[in-house]
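Student: here is a sequence with its predicted model. Questions after.
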Amino acid sequence: MLETEKSYAVLEEELQRLQRIGVALVLPLVNAVDSPALPRSPIDLQDSELKNMSTLSELVNLKLGDVTDSIIAEYIWIGGSGTDMRSKARTLPGPVKSPEELPRWNYDGSSTGQAPGKDSEVILYPQAIFRDPFRRGDNILVICDCYTPQGQPIPTNKRAAAAEIFSQIEVSEEEPWYGLEQEYTLLQKEVKWPLGWPIGGYPGPQGPYYCGVGVDKAWGRDIVDAHYKACLYAGIQIGGINGEVMPGQWEFQVGPALGISAGDQLWAARYILERITEIAGVVLSLDPKPVEGDWNGAGCHTNFSTKSMRKEGGFRVIKDAIEKLEKRHKAHIAAYGEGNERRLTGKHETASMNTFSWGVANRGASIRVGRDTEAEGKGYFEDRRPASNMDPYIVTSMIAETTILYQQNHPRCLTCQH
């Protein structure tokens, strides 16, 4: 056997071992909604390593309520890159029902790229809570944003500015709804290549994979289903999931969600997905173009409507909003995610980032309006420009600001270019 072939054989064996371990730990999440009891793994448990992992899984899922009133709160925040997620846990004396009941906390910002070493303390403000699908019981996940000890939002805190926009009376009265379509790619841990793809090679061309079924078309479904059920358990308004055009790529949808809660829920859903892929030994990628060539990229299409758009005559309001979005096209593109220029080429169901366009049922346009919206004369539109790694606080608040507040010298338009 050639040396290269030996290396591939060793790597394949290691990947199979990691996948076996991952399945043993992900299975309890797949069954989180349907059964409170831990299922037995279908994997042969004579393997001592899998036996250890099964015991570990049972310990992780101990029911604390049987012995204590205390709960565990996992505080979650966005790190210095603007896309990485960080978290740490603390014990609280009992169950909580709202983020206002939670204490603020701090962390070392110099270790996350968010503060200098000589003044490293960053304060976490709890903003939204969700049920914890990993620890279950009364334990919670807590979405936080980050402030200096003096109470000022740090530069990577995009939630604070979004909250200011959503608090404007003109915006809140319109009750903005969002539906966020988060595309993502699952990668093999050791080689950073899409799950199911031959190492160093490519699968067959795109066509059979979108919403595909079968071992040769859908790779990673256990992870996707575990995430789906975990989000439902957490209380996230997850609307559905599907396989995407590029094999190894999937999508989940959050919404319809009101205002800033859309951003809170998407970040919580991303966190849960990161944790599940961590367990499964698979890498989660939000790169908008993970594989160059004749392969679809990954976006986060953002569906949007206001009360005025949802009423009779709303189609005129939708058209007016699209005209405003065209005027601020460059500003939106600049804020819609890193590396998006590799995705928005005018190919693979995208519009070129250099031009603005809209159309009914046109997935090659910047803005797509659905057939139902056109027929009913009211409804919503889809902004197809945001990248998969976009910050939902930025994107949702910017769409609201541009479509509701934007006009010449408007005092409440906080970032509009006049």
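Tutor: Received it, and whenever you're ready, just let me know what you need. Numbers count the residues shown, from 1 in each chain.
Student: contacting residues for Ala162?
Tutor: Ile260, Gly263, Tyr393, Ile394, Thr396, Ser397 (CB atoms under 8 Å, 6 or more residues apart in numbering). C-beta: built from backbone N, CA, C; applies to glycine.
Student: buried ones among these?
Tutor: Ile260, Gly263, Tyr393, Ile394, Thr396, Ser397 (16 or more other CB atoms under 10 Å).
Student: with secondary structure added, can I get those in TSV?
Tutor: What follows is these, written out as TSV (DSSP: H, G, I helix; E, B strand; the rest coil):
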residue	secondary structure
Ile260	coil
Gly263	helix
Tyr393	helix
Ile394	helix
Thr396	helix
Ser397	helix
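Student: in those residues, find the pair that's most separated.
Tutor: Spatially, the most separated pair among the buried ones among the contacts of Ala162 is Ile260 and Ile394, at 11.6 Å (CB to CB).
Student: so where's the protein shaky on pLDDT?
Tutor: By pLDDT under 70, the low-scoring segments of the chain are 1-53, 407-418.
Student: residue boundaries of the helices in it?
Tutor: Secondary structure of the chain, counting by DSSP state H: helices at 3-30, 48-60, 159-166, 169-173, 221-234, 261-280, 307-310, 314-327, 329-335, 371-376, 392-400.
Student: buried deepest among those helices, which one?
Tutor: Among the helices of the chain, helix 392-400 has the highest mean neighbour count (mean count of other CB atoms under 10 Å), at a mean of 26.
Student: list the helices and strands that helix packs on?
Tutor: For helix 392-400, the elements it packs on are helix 159-166, strand 177-188, helix 261-280, strand 300-305, helix 329-335, judged by 3 or more CB pairs under 8 Å, 6 or more residues apart in numbering; DSSP states H and E.
Student: ok, 7 Å please
Tutor: helix 159-166, helix 261-280, strand 300-305, helix 329-335 (3 or more CB pairs under 7 Å, 6 or more residues apart in numbering; DSSP states H and E).
Student: who's in contact with the last one?
Tutor: Residues outside helix 329-335 that contact it (CB atoms under 7 Å, 6 or more residues apart in numbering) are Leu325, Met353, Phe356, Arg385, Ile394, Met398, Gln417.
Student: what's around the second one, how many residues?
Tutor: What it means is Met353. Burial of Met353, expressed as a neighbour count using other CB atoms under 10 Å, amounts to 21.
Student: who are the contact partners of it?
Tutor: Contacts were defined as CB under 7 Å, 6+ apart; by that measure Met353 touches Ile333, Asn340, Glu341, Leu344.
Student: and it, how far from Arg342?
Tutor: When distance is defined by CB to CB, to the nearest Å, Met353 is 10 Å away from Arg342.
Student: next one: the third one
Tutor: Spatial separation of Phe356 from Arg342 under the definition CB to CB is 19 Å.
Student: which one's more surrounded, the two?
Tutor: The residue with more neighbours, out of Phe356 and Arg342, is Phe356; 20 against 15, by other CB under 10 Å.
Student: so what's that one up against?
Tutor: Glu326, His329, Ser366.
Student: out of those residues, which one sits closest to Tyr107?
Tutor: Of the contacts of Phe356, the one sitting nearest to Tyr107 (CB to CB) turns out to be His329, at 37.5 Å.
Student: distance of Ser81 relative to Gly65?
Tutor: Summarising the geometry, the distance separating Ser81 from Gly65, computed by CB to CB, is 37 Å.
Student: which among the contacts of Ala162 gets closest to Trp193?
Tutor: Nearest to Trp193 out of these is Ile394 (CB to CB; 30.1 Å).
Student: for Tyr380, find the nearest of the helices and strands packed on helix 392-400.
Tutor: Minimum separation from Tyr380 across those (CB to CB) falls at strand 300-305, 3.6 Å.
Student: against which helices or strands is the closest one packed?
Tutor: Contacting strand 300-305 under the criterion 3+ CB pairs under 7 Å, 6+ apart are the following elements: strand 177-188, strand 381-383, helix 392-400.
Student: switch to 6 Å and redo it
Tutor: Using 3 or more CB pairs under 6 Å, 6 or more residues apart in numbering; DSSP states H and E as the contact criterion, the neighbours of strand 300-305 among helices and strands are strand 177-188, strand 381-383.
Student: could I get the buried residue list for the first one?
Tutor: What it means is strand 177-188. In strand 177-188, residues buried by neighbour count (16+ other CB under 10 Å) are Trp177, Tyr178, Gly179, Leu180, Glu181, Gln182, Glu183, Tyr184, Thr185, Leu186, Leu187, Gln188.
Student: may I see those residues organised as CSV, with distance to Pro155 added?
Tutor: Putting the buried residues of strand 177-188 into CSV (distance: CB to CB, whole Å) gives the following:
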residue, distance to Pro155
Trp177, 29
Tyr178, 24
Gly179, 29
Leu180, 24
Glu181, 28
Gln182, 24
Glu183, 27
Tyr184, 26
Thr185, 28
Leu186, 31
Leu187, 29
Gln188, 34
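Student: CSV for the helices and strands packed on strand 300-305, including distance to Gln206?
Tutor: Supplementary listing: the helices and strands packed on strand 300-305 in CSV, determined by distance: least, CB to CB, whole Å:
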stretch, distance to Gln206
strand 177-188, 14
strand 381-383, 21
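Student: Val122: which of those strands is closest?
Tutor: Evaluated with CB to CB, the helices and strands packed on strand 300-305 place strand 177-188 nearest to Val122, the distance being 26.5 Å.
Student: how much does the closest one deviate in direction from helix 392-400?
Tutor: With axes from the mean of the first three to the mean of the last three CA atoms, to 10 degrees as the criterion, the two stretches strand 177-188 and helix 392-400 enclose an angle of 140 degrees.
Student: residues making contact with strand 177-188?
Tutor: By CB atoms under 6 Å, 6 or more residues apart in numbering, the residues outside strand 177-188 that reach it are 194-195, 220, 244, 248-249, 251-257, 262, 266, 282-283, 285-286, 290, 298-305, 388, 396.
Student: so which of the helices and strands packed on strand 300-305 gets nearest Thr156?
Tutor: For those, the distance to Thr156 is smallest for strand 177-188, at 20.1 Å, taking CB to CB.
Student: okay, the closest one in CSV with CA atoms only?
Tutor: Coordinates of the C-alpha atoms in strand 177-188 are reproduced here as CSV (Å, rounded to 0.1, in the frame of the first residue of the first chain):
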residue,chain,number,x,y,z
TRP,A,177,-41.9,40.3,11.9
TYR,A,178,-38.9,38.4,10.7
GLY,A,179,-38.3,34.9,9.3
LEU,A,180,-34.6,34.0,9.2
GLU,A,181,-33.4,31.2,7.0
GLN,A,182,-30.1,30.1,8.4
GLU,A,183,-28.0,28.0,6.0
TYR,A,184,-24.9,26.2,7.3
THR,A,185,-22.4,23.6,6.3
LEU,A,186,-21.3,20.5,8.3
LEU,A,187,-17.6,19.8,7.9
GLN,A,188,-15.5,16.7,8.7
